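return a 3D structure for these sequence lines:
(chains A and B)
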Amino acid sequence: KQEVTQIPAALSVPEGENLVLNCSFTDSAIYNLQWFRQDPGKGLTSLLLIQSSQREQTSGRLNASLDKSSGRSTLYIAASQPGDSATYLCAVRTGRRALTFGSGTRLQVQP
Amino acid sequence: EPEVTQTPSHQVTQMGQEVILRCVPISNHLYFYWYRQILGQKVEFLVSFYNNEISEKSEIFDDQFSVERPDGSNFTLKIRSTKLEDSAMYFCASSSGLAGVIQETQYFGPGTRLLVL
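Numbers count the residues shown, from 1 in each chain, chains lettered A, B, ... in the order given. Purely as a prediction, here's the structure:
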């Protein structure tokens, strides 16, 4: 059974810092990995999707990497801003279409 | 930009009552999903739906749950006899079904917070 773990559980950084969020998964036979952002009491906003054959994806200040063989992904956020404060979730698709989620990293960017 | 919508945003019900959560997926999407998130826990997959039938379901999705596409735009989740442990945020999602499984993004709605008393 696929298990997804995210480290750290919480992170507080000053504005402007570059930071890395980590995601690991136990079954490397994935189709893709998605990073989401969740604001308090709100839905999930898709940030990036990396296909199993890809090594990284970039969108603006966000860069996600994938090392499928070792079961790891990282989300790099450059020049963090207070508006980046949210919970970041990673999710992998192993089976048909269901996503398996990690528990998230709660990010606070201090102005 | 097209988005998934859900109603109601909040629902309070008594244990044993039936509830129906409603979703309008993104137009022209073919796959629909329900996930739930119990407070403080991970988001969990419940069910996926394609071509008017369930294509995949989790162990959580037992006989008290059902899904339906009653018309061309709505997608519903029914809980027949709610239990205290059904209290959670329920998310609807949709995907196009055209991009192929390895590159397809799922788009989530804002959720319905269900509280069972």
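
the helix or strand harbouring residue B:44 - contacts with which helices or strands?
Using DSSP states H and E, residue B:44 sits within strand B:43-50. Helices and strands touching strand B:43-50, by 3 or more Cβ pairs under 8 Å, 6 or more residues apart in numbering or on different chains; DSSP states H and E, are strand A:99-101, strand B:31-37, strand B:53-57, strand B:65-68, strand B:75-79. Every residue, glycine included, has its C-beta placed from N, CA and C.

just checking: what are the partner strands of it?
Its sheet considered, strand B:43-50 pairs with strand B:31-37 (antiparallel), strand B:53-57 (antiparallel) by DSSP bridges.

looking at the ones you listed, which one is packed in the most?
By mean neighbour count, with neighbours taken as mean count of other Cβ atoms under 10 Å in any protein chain shown, strand B:31-37 ranks first of the strands paired with strand B:43-50 at a mean of 25.

using PDB, list the CA coordinates for that strand.
Written as PDB, here are the backbone C-alpha positions of strand B:31-37 (Å, rounded to 0.1, in the frame of the first residue of the first chain):
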ATOM      1  CA  TYR B  31     -13.800  11.900 -14.600                       C
ATOM      2  CA  PHE B  32     -15.300  12.900 -11.300                       C
ATOM      3  CA  TYR B  33     -14.000  12.200  -7.800                       C
ATOM      4  CA  TRP B  34     -14.900  12.500  -4.100                       C
ATOM      5  CA  TYR B  35     -12.200  12.800  -1.400                       C
ATOM      6  CA  ARG B  36     -12.600  13.600   2.200                       C
ATOM      7  CA  GLN B  37     -10.300  15.100   4.900                       C
END
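
just confirm yes or no for the host helix or strand of residue A:107 near chain B.
Counting by DSSP H and E, the element that carries residue A:107 is strand A:105-110. No - applying Cβ under 8 Å from any Cβ of the partner chain, one finds strand A:105-110 out of contact with chain B, separated by at least 11.4 Å.

note down every partner strand of that strand and its orientation.
Looking at strand A:105-110 with DSSP bridges, its paired strands and their directions are strand A:10-14 (parallel), strand A:86-93 (antiparallel).

list the buried ones in the next helix or strand after the shortest one?
Beyond strand A:10-14 in the direction of the C-terminus, DSSP H and E gives the next helix or strand as strand A:19-25. Of the residues in strand A:19-25, A:19, A:21, A:23-25 count as buried by neighbour count, 16 or more other Cβ atoms under 10 Å in any protein chain shown.

go on, stretch B:39-48?
Buried residues in stretch B:39-48, defined by neighbour count with 16+ other Cβ under 10 Å: B:42-48.

and those residues as TSV, adding pLDDT and distance to residue B:74?
Written out in TSV, the entries for the buried residues of stretch B:39-48 read as follows (pLDDT from 0 to 100; distance: Cβ to Cβ, whole Å):
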residue	pLDDT	distance to residue B:74
B:42	95	27
B:43	96	22
B:44	96	23
B:45	96	21
B:46	97	17
B:47	96	16
B:48	94	17
